[in-house]
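K.L.:
This is the structure alone, sequence omitted:
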């Protein structure tokens with residue numbers, strides 16, 4: 001049997017629990033990783049996932065902001081929650097699943113968005129984002145162990161084709177050179193394989209996020225690829241499918257991000 005892993009910035013898991021139920025019922029991923037759950041651990045809607053067949057959970061949340069979770073139909077082990085930049089703002093959780101007798105570690109990240117001004121001196125949120133990525137780089141030896149997957153909202157669109165207009169977004173947070181170069185250095189340091197780009201060539205546009213501010217996101221298609229699936233080389237060779245569920249952006253009261261599902265076999 002294959003291993004299917006979904007990642008989705010849900011932008012409030014309690015507000016959009018019906019959308020999550022819809023995804024789980026229709027796609028049945030083995031593991032779903034959520035970002036921006038926006039609730040404390042004790043308020044997480046665990047019962048809804050249990051009813052859907054996801055009996056195993058690794059949750060790292062806080063009230064009202066950020067938050068990450070891994071929900072699984074398979075048992076979870078070695079659950080880990082890391083702090084970055086000295087702030088316990090619920091941006092990472094990891095766990096191990098058994099994939100055909102092979103232990104696979106999954107890291108789920110929510111990298112800071114960085115605010116609106118791409119100046120670390122004038123905007124502490126942007127400075128925090130850059131520091132967060134640098135700290136991830138410093139953890140490369142611990143993160144990039146064999147049979148490991150990194151998923152999540154990394155809040156950076158690294159390639160020119162990861163945004164609707166490379167030229168117009170060069171000074172917009174998420175696609176500035178200092179961010180894209182930092183993420184690429186992180187990827188190269190861990191020898192991470194960009195699983196999504198194994199299925200959609202780097203020359204083609206690929207988006208996972210469309211702003212709420214867009215008056216007609218379907219017509220303009222002014223998206224960015226902020227959500228990622230990386231794997232160590234041993235697992236990347238087993239990747240057999242990847243899907244971006246663009247239709248989820250049109251669901252009732254949607255998140256501005258859509259789910260990404262990767263399949264390993």
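P.N.:
On my side now, so go ahead. Values in this document were obtained by computation on a predicted structure and should not be read as measured data.

K.L.:
Mind jotting down where the helices sit in the chain?
P.N.:
For the chain, the helices defined by DSSP state H occupy 17-27, 46-51, 124-138, 140-143, 177-189, 195-199, 217-220, 233-236.

K.L.:
which stretch among those comes nearest residue 260?
P.N.:
Closest to residue 260 of those is helix 195-199 (C-beta to C-beta; 6.8 Å). Where C-beta positions appear, they are placed from N, C-alpha and C, glycine not excepted.

K.L.:
re earlier: going by mean pLDDT, which of the helices of the chain comes out lowest?
P.N.:
With a mean of 88, helix 217-220 has the lowest mean pLDDT of the helices of the chain.

K.L.:
Report the buried residues of it.
P.N.:
residue 217 (16 or more other C-beta atoms under 10 Å).

K.L.:
Tell me how far it lies from the chain's centre.
P.N.:
Its chain's C-alpha centre and that of helix 217-220 lie 23 Å apart, by C-alpha atoms, centre = their mean, to the nearest Å.

K.L.:
so which of the helices of the chain gets nearest residue 265?
P.N.:
Using C-beta to C-beta, the nearest of these to residue 265 is helix 233-236, at 10.8 Å.

K.L.:
Packing partners of the closest one?
P.N.:
The contact analysis (3 or more C-beta pairs under 8 Å, 6 or more residues apart in numbering; DSSP states H and E) places helix 233-236 against no helix or strand.

K.L.:
didn't residue 155 look like it was pressed against residue 112?
P.N.:
Yes - taking contacts as C-beta atoms under 8 Å, residue 155 lies within contact range of residue 112: 6.7 Å.

K.L.:
Out of the helices of the chain, flag the one nearest residue 165.
P.N.:
Across the helices of the chain, closest to residue 165 is helix 217-220 (C-beta to C-beta), at 10.8 Å.

K.L.:
ok, residues contacting the closest one?
P.N.:
If you take C-beta atoms under 8 Å, 6 or more residues apart in numbering as the criterion, helix 217-220 is touched by 164, 210, 211, 214, 223, 249, 250.

K.L.:
re the thing from before, which neighbours do residue 155 and residue 112 share?
P.N.:
Shared contacts of residue 155 and residue 112, defined by C-beta under 8 Å, 6+ apart, comprise residue 129.

K.L.:
When the two are compared, which one has more neighbours?
P.N.:
residue 155 (25 against 22; other C-beta atoms under 10 Å).
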